[in-house]
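# this one's structure only:
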């Protein structure tokens, strides 16, 4: 299920003194089965774009195509209900959406809303709790008794329970400690690889882009200024500096090494592993050459 | 030796309705002008430590001395004047209706005369680069800007100690960088004693000393270089290691001998250059 | 208008609502209209905003006006049906009531548009000052009010975020039967309640860390000065009252 934006504009509070155009003529595609990263500064239009993916917002003009469904300014809200089942959004700090008495009920909430019976929904909930690594004994607990990291997992399971084909993640690791961060990111990686989920990740962490994404969309002031594979995005540091974007740490380090004149990289490394491999090759060979 | 700014001995704390102690028998001394990073995974007890130092929680056992004065219910309010805290959530510590009024809040509490207040508010906001936003309401500020205002509120009170309780964890990379730079300045130029509670390893690497807390126990207390050298122990505590250490490990995995000691990124570049020149 | 002391604005707005009941003929309403329009003009706020203030109340106004028109007796009778009667007296009374409503709405819109909510809280605190003698915690009430106001945008933001999150989980707000709509509010209210509670706790800790221990011994950063214009505004209102009293017995 691929997603297309065609000439999408979005204006907040039109015809008021607070009018603000958040998306400008956005034409971009998110390929089916991809792991797409969306990067850009606070206020670049990321969260507006994201809310178009499941019809929380409708374009002021232009069209969005998701799951064969075309959304334009005149699309009725009633027609959007089904769409939300296909595109699951995990918002920033998603633990804020928990409200049920038990973890089980909270995870079962969405499938029930989309027409599953109580029994079916709870069966899915148990399955999803396992998938995100929540121990069974927590299912009967109140979600508010859990630790921050566990609450985050409950919220994510609650979205996965809709069995969406596209999973949208808005800064999913914000506020977690390093261990929690790595565990959650690896969990998404597995979902992507094993369940063929299309993943859309909104992030400030360039290392996450380098480590996980295969496609990148760069937003600036409501416009798409680049859409390409991460290796192509990160191959021009001057362009990145101009747009106030950071490099992945490994790539940044490689550029620093190149400046010494003693190393040169044919292909810029994006991750520590790639960097180490390139360095090892040239260290073993010696001299001004790398793979 | 000079008297430490903060002296903690045998400090334990337990939250009500919890089975185990959040902090157990902790001993720690912080010198005046020092920058100490306290790192640990979420729920390790590091924020509890910050709150105990400021008297926001009452210890189960042990004592805390600030600038030689023991923290008790009668010395509490005077001791708090020496300590400024910035908390994690930028929204939940903004009391004023706009920027300048928020900075003034602490001064009002201390009964500082209005003329002095006006000068100190302006100076503090200028220090953090937010004077141009003096009239702005919190809703019009980014998270990073709100934390800068919170920091100005602290500076205006002219304390001796600044405690950053995960103050950068909810910010985007740019906001985080700005706050860390400000802290560096305040520590070096103005001589504030800084305690930064964090799980950001790059932030910790800038401190003069790092304390690792794991499940309520102080497990390491050393210079950053020494702590990072024991990378495996950090990862076991649910933490990260700096980029240069990660890279070193990966190079070692490629079958190349790497130095034992911790190298900064700059150090790493130098070592690599030397290595390749020798060939 | 924006620069007047909030205290004078608050007092004068209330005062206006009182003196409007002194008016009992066209001349006096004309005077009050001139006074109000003068304020509107001085505020520099576009007239449309004032009309917007009338709109939500229009049915209430019309209802009251119609009551006045059909149930007041006196003067020439134009039309009669049972207890209903259209009299010249009724028409005049109805139009007075209409004027009264519109003028009051204009004046209160003027107050809220030119005065930040927080300034109103300040004004209230200052005006309630004498109550301190009776052990009313005036300072605490005012701080509570100003913090509540400060968190309004934050809570609105939070509400929207939670609504979006629950919509994404298949909740339809504002659709279906009443029961369904009531049920849909639960997933919104509980998270809002929980987060407000956490916020309150965080805020209390932060305030304590910043040395807050009640109103005793605090100084104030934000103070208001009674300026010449405030005195001027009071004089204008005083004169208007005198003219009104004169017109009343004319």
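Right, received. Where do you want to start? All of these numbers come straight from a predicted model, not from anything done at the bench.
# Would you mark the buried spots in stretch C:163-177?
Judged by neighbour count using 16 or more other C-beta atoms under 10 Å in any protein chain shown, the buried positions of stretch C:163-177 are C:163, C:164, C:165, C:166, C:167, C:168, C:169, C:170, C:171, C:172. Using the backbone N, CA and C atoms, a C-beta is placed for each residue, glycine as well.
# List the buried residues for stretch C:72-92?
Neighbour-count burial for stretch C:72-92, counted by 16+ other C-beta under 10 Å, picks out C:72, C:85, C:86, C:87, C:89, C:90, C:91, C:92.
# How far does the longest helix anywhere in chain C sit from its chain's centre?
For chain C, the helix with the greatest residue count under DSSP state H is helix C:178-209. Remark: helix C:178-209 is offset 26 Å from the chain centroid, using C-alpha atoms, centre = their mean, to the nearest Å.
# Could you report the neighbour count for residue B:256?
Residues within reach of residue B:256, counting by other C-beta atoms under 10 Å in any protein chain shown, total 15.
# typed the wrong thing, it's residue A:186
Residues near residue A:186, counting by other C-beta under 10 Å, number 12.
# give me the residue from chain A nearest chain C.
residue A:113 (2.9 Å; C-beta to the nearest C-beta).
# who touches that residue in this structure?
Residues in contact with residue A:113, defined by C-beta atoms under 8 Å, 6 or more residues apart in numbering or on different chains, are C:169, C:170, C:171.
# Was I right to think the second one contacts residue A:80?
So that's residue C:170. No. Between residue C:170 and residue A:80 there is no contact under C-beta atoms under 8 Å: 10.9 Å.
# Please determine how far residue C:142 is located from chain A.
For residue C:142, the distance to chain A equals 29 Å [C-beta to the nearest C-beta, to the nearest Å].
# Give me the pLDDT value at that residue.
The model reports residue C:142 with a pLDDT of 83.
# likewise residue A:126?
For residue A:126, the model assigns a pLDDT of 96.
# Quick check: it vs residue B:157, distance?
Taking C-beta to C-beta, to the nearest Å as the measure, residue A:126 falls 52 Å from residue B:157.
# what about the two, which has more around it?
Per other C-beta under 10 Å, whichever of residue A:126 and residue B:157 has more neighbours is residue B:157, with 24 against 17.
# is it true that the more buried one touches residue B:82?
No. Applying C-beta under 8 Å as the test, residue B:157 and residue B:82 come out as separate, 9.2 Å apart.
# quick one: the nearest residue to residue C:54 once chain neighbours are set aside and residue A:21, what's the gap?
Among residues not flanking residue C:54 along the chain, residue C:105 sits closest, at 5.3 Å (C-beta to C-beta, 6 or more residues apart in numbering or on different chains). In this view, residue C:105 and residue A:21 are 34 Å apart by C-beta to C-beta.
# So which of the two has more stuff around it?
More crowded of residue C:105 and residue A:21, by other C-beta under 10 Å: residue C:105, with 19 against 16.
# wait, does the longest helix seen in chain A make contact with chain B?
Across chain A, the helix with the greatest residue count (assigned by DSSP H) is helix A:178-194. Yes. Applying C-beta under 8 Å from any C-beta of the partner chain, one finds helix A:178-194 in contact with chain B at A:178, A:179, A:180.
# what's the helix or strand residue A:252 falls within in contact with?
Using DSSP states H and E, residue A:252 sits in helix A:249-259. Outside helix A:249-259, the residues that touch it by C-beta under 8 Å, 6+ apart are A:206-207, A:210, A:234, A:237, A:246-247, A:263-265, A:268-272, A:274-275, A:278-279, B:243, B:247, B:265, B:268-269, B:272-273.
# all helices of chain B, in order?
Here chain B has its helices, by DSSP H, at B:46-53, B:76-80, B:99-109, B:114-127, B:143-156, B:173-188, B:201-204, B:224-229, B:231-236, B:243-253, B:265-278.
# Would you mind listing what in chain A touches chain C?
So far as C-beta under 8 Å from any C-beta goes, chain A lies against chain C at A:51, A:54, A:56, A:77-78, A:81, A:84-85, A:88-89, A:91, A:94, A:96-99, A:109-110, A:113-114, A:144, A:158-159, A:162.
# among these, which ones are buried?
A:51, A:54, A:56, A:84-85, A:88-89, A:91, A:94, A:96-99, A:109-110, A:113-114, A:158-159, A:162.
# wait, what's in contact with the closest residue to chain C within the stretch 151-279 of chain B?
Distances between the stretch 151-279 of chain B and chain C by C-beta to the nearest C-beta are smallest at residue B:153, namely 6.7 Å. Contact partners of residue B:153, counting by C-beta under 8 Å, 6+ apart, are B:84, B:102, B:103, B:105, B:106, B:124, C:210.
# please redo it, this time with the cut-off set to 6 Å
For residue B:153, the contacting residues are B:103, B:106, by C-beta atoms under 6 Å, 6 or more residues apart in numbering or on different chains.
# Flag the shaky bits of chain C, pLDDT-wise.
C:1-2, C:250 (pLDDT under 70).
# pLDDT wise, what is residue 115 at?
Answering for chain A, as no chain was given. What the model reports as pLDDT for residue A:115 is 91.
# my question was about chain B
Here, the pLDDT recorded for residue B:115 equals 94.
# With the one 3 residues further on instead?
According to the model's per-residue confidence, residue B:118 sits at a pLDDT of 95.
# count of residues packed around it?
Residue neighbour count, defined by other C-beta under 10 Å, stands at 15 for residue B:118.
# Give the full set of residues in contact with the nearest residue in space to it that is not next to it in sequence.
Spatially, and ignoring its direct neighbours in sequence, residue B:118 is nearest to residue C:221 (7.6 Å; C-beta to C-beta, 6+ apart). Counting by C-beta under 6 Å, 6+ apart, residue C:221 touches B:101, B:104, B:108, B:117.
# domains of chain B?
Domain ranges of chain B: B:1-82+B:159-241, B:94-158, B:242-278, per the TED database.
# Centroid-nearest residue for chain A?
residue A:201 (1.2 Å; C-alpha atoms, centre = their mean).
# just chain B next, same as before
Nearest to the mean C-alpha position of chain B, by C-alpha atoms, centre = their mean, lies residue B:196 at 0.9 Å.
# what's that residue in contact with, if anything?
Contacts of residue B:196 by C-beta under 6 Å, 6+ apart are B:37, B:164.
# okay, now residue 269: neighbour count?
Answering for chain A, as no chain was given. Using other C-beta under 10 Å, residue A:269 is surrounded by 23 other residues.
# My question was about chain B, not that one.
By other C-beta under 10 Å, 19 other residues sit near residue B:269.
# For residue 202, which residues are in contact?
Answering for chain A, as no chain was given. Contacts of residue A:202 by C-beta under 6 Å, 6+ apart are A:38, A:46, A:170.
# likewise residue A:21?
residue A:11.
# Surely it is in a helix?
No. Counting by DSSP: H, G, I helix; E, B strand; the rest coil, residue A:21 is not part of a helix but strand.
# And the host helix or strand of residue A:127, what's buried?
Using DSSP H and E, residue A:127 sits in helix A:118-131. Within helix A:118-131, the residues that count as buried by 16+ other C-beta under 10 Å are A:121, A:122, A:124, A:125, A:126, A:128, A:129, A:131.
# helices or strands next to that helix in the packing?
helix A:103-113, helix A:148-160 (3 or more C-beta pairs under 6 Å, 6 or more residues apart in numbering or on different chains; DSSP states H and E).
# how about a cut-off of 10 Å?
Contacts defined by 3 or more C-beta pairs under 10 Å, 6 or more residues apart in numbering or on different chains; DSSP states H and E place helix A:118-131 against helix A:103-113, helix A:148-160, helix A:178-194.
# between the second one and helix A:118-131, how many degrees?
Spelled out, that is helix A:148-160. Counting by axes from the mean of the first three to the mean of the last three C-alpha atoms, to 10 degrees, helix A:148-160 lies at 130 degrees to helix A:118-131.
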